[in-house]
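> I need the structure of the sequence given here:
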Amino acid sequence: MKKALYIFAMLLIVSACGDGITEKTMIVTGTVKGLKKGTLYLQHIPDSTLVVIDSLQIEGNGDFNFKTEIESPEIFYLYLNKKDNNDLNDRITFFGEPGTITINTAWNTFDTNAKITGSESQTKLEEYRKVMSSINKRNLEILQKSLRKEVAKDTVQLDSLQRVSDKNTQRGYLYAINFAINNRNSYVAPYIAVNEIPNANVTYLDSIHRSLSPEVATSKYGRKLEELLKTIKK
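Below you'll find the predicted structure:
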């Protein structure tokens, strides 16, 4: 019985290897509802330039499947060329990681109504962005109020709105810092530090860096945070 189980386990391993799937394989699959024709591209930015990893021509069926090897979790893009001469609503941003990630959306609401599952990092990023969205919305409301004719001529009101805006912006910085520190085991933590608050006080950035788990610290964004700190401290 034990021998049979051992043989079965070995067959599963051989089968997985035969499919080219390893512990670093990321599979991105899903459906673009209503898409009849177009080209889907899986993209990322390894250094500073957007690079196409793979592409798929869609003809009559919106199902797609991409497979790639990744060194550590990072931001990827699913770009749809709908061939409608309109660049709006064409790119989904998601936090990729090894495993199967499912993205279901529709061709006419491609980036605004996408449902992404299978990535813990993506879930954590969405949690962060939900709060930051309300903070950014508040800043927009303050700006719109300051542009009103009756307010624009009133320096007292403008000064008051500026103080409110500064306080709200500071709230956003503190939230980002605390979120990164409190999620030290998430690859999203150094990503936030590098891409959301690179101009924050070096003391706070250093605190985020020192709080990271060893695995996260050596990831793509963990290394970028280390490089950022070295540049700032020069």
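
> where do the helices sit along this structure?
Along the chain, the stretches classed as helices by DSSP state H are 2-18, 120-146, 149-152, 155-182, 188-195, 202-211, 214-217, 220-233.

> which intervals of the chain have sub-threshold pLDDT?
1-19, 83-89, 152 (pLDDT under 70).

> distance between stretch 225-233 and the chain's centre?
Distance of stretch 225-233 from its chain centroid, counting by Cα atoms, centre = their mean, to the nearest Å, is 22 Å.

> Check what contacts that stretch and list those residues.
The contact list for stretch 225-233 (Cβ atoms under 8 Å, 6 or more residues apart in numbering) reads P190, A193, V194, P198, V202, L205, D206, I208, H209, L212, A217. To be clear about C-beta, it is placed using only N, CA and C from the backbone, and glycine gets the same treatment.

> Counting neighbours, which of the residues you listed comes out on top?
Ranked by neighbour count (other Cβ atoms under 10 Å), these have A193 at the top, with 28 neighbours.

> For H44, which of the helices of the chain is the nearest?
Nearest to H44 among the helices of the chain is helix 220-233; the distance by Cβ to Cβ comes to 9.9 Å.

> so that closest one versus helix 188-195, what angle?
With axes from the mean of the first three to the mean of the last three Cα atoms, to 10 degrees as the basis, helix 220-233 and helix 188-195 are set at 40 degrees to each other.

> Can you name the residues that contact the nearest residue to Y41 once chain neighbours are set aside?
Spatially, and ignoring its direct neighbours in sequence, Y41 is nearest to Y79 (4.3 Å; Cβ to Cβ, 6 or more residues apart in numbering). Contacts for Y79 (Cβ under 8 Å, 6+ apart) come out as L40, Y41, L42, Q43, D90, R91, I92.

> Narrow those to those in strands?
Counted as lying in strands by DSSP state E, out of the contacts of Y79, are L40, Y41, L42, Q43, R91, I92.

> tally of neighbours for the first one?
Put plainly, it is L40. Residues near L40, counting by other Cβ under 10 Å, number 22.

> That one reaches I58, doesn't it?
Yes. L40 is within contact range of I58, at 6.2 Å (criterion: Cβ atoms under 8 Å).

> Spit out the residues that contact those two alike.
Each of V32, F64 lies in contact with both L40 and I58 under the rule Cβ under 8 Å, 6+ apart.

> Now P46. Its backbone dihedrals?
With angles defined as degrees, to the nearest 10, P46 sits at phi -60, psi -40.

> So which of the helices of the chain is the most surrounded?
helix 188-195 (a mean of 24; mean count of other Cβ atoms under 10 Å).

> so how far is L50 from the residue nearest to Y41?
9 Å (Cβ to Cβ, to the nearest Å).

> Please enumerate the shared neighbours of these two.
Shared contacts of Y79 and L50, defined by Cβ under 8 Å, 6+ apart, comprise Q43.

> List only buried entries from the contacts of Y79.
L40, Y41, L42, Q43, D90, I92 (16 or more other Cβ atoms under 10 Å).
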